[in-house]
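Asker: build me a model:
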Amino acid sequence: MTCFWDGILQQLNLDDFRIMFNIQKKPNRLQFIILLKKFNHICENVKWMDKILSKKEKVELYISVKDYNINGINDGHLCSICDFFLVLLCELCQVNILHIYNKHNIFYNNTKNPRKLLTFHSNKKHFW
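Answerer: Numbers count the residues shown, from 1 in each chain. I've put the predicted structure just below:
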């Protein structure tokens, strides 16, 4: 199950990859995760649900990306309520994110100049 990665990659365009990673072509799933891990850092420009993340939360999110097992991507990604990859995506891609989980809105806001809004949906089994 790679719906988490497929859902994200479907919404990103070449401009997004240029901004995030300074690359000129769309990566595949595995390449994308490797790039996210390579460009991982403490995210200082993201609010979650209009709340500034604490230093401890930022460090935990950073560690979650750093320690993510790439070999398990086909087993699915258990997207958390404040998902570490969505926080990083919000920061790197300079976007706001609306994640609608079972009709509940979860907001990730880039506090700098967000370029656009990405909207994702999910339930207990699927992400799109």
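Asker: nearest residue to the middle of the protein?
Answerer: With distances taken as CA atoms, centre = their mean, the residue of the chain nearest its centroid is Leu86 (2.4 Å).
Asker: that one contacts Asn109, correct?
Answerer: No. Applying CB atoms under 8 Å, one finds Leu86 not in contact with Asn109, separated by 11.5 Å. Quick note: C-beta positions are derived from backbone N, CA and C, even for glycine.
Asker: got the buried residues for the top helix by length along the chain?
Answerer: For the chain, the helix that runs over the most residues, judged by DSSP state H, is helix 55-66. With burial defined by 16 or more other CB atoms under 10 Å, the residues of helix 55-66 counted as buried are 57-58, 61-62, 64-65.
Asker: which of those sits closest to Phe17?
Answerer: For the buried residues of helix 55-66, the minimum distance to Phe17 (CB to CB) is 17.6 Å, reached by Val65.
Asker: so what's the closest one closest to, chain neighbours aside?
Answerer: Asn40 (4.4 Å; CB to CB, 6 or more residues apart in numbering).
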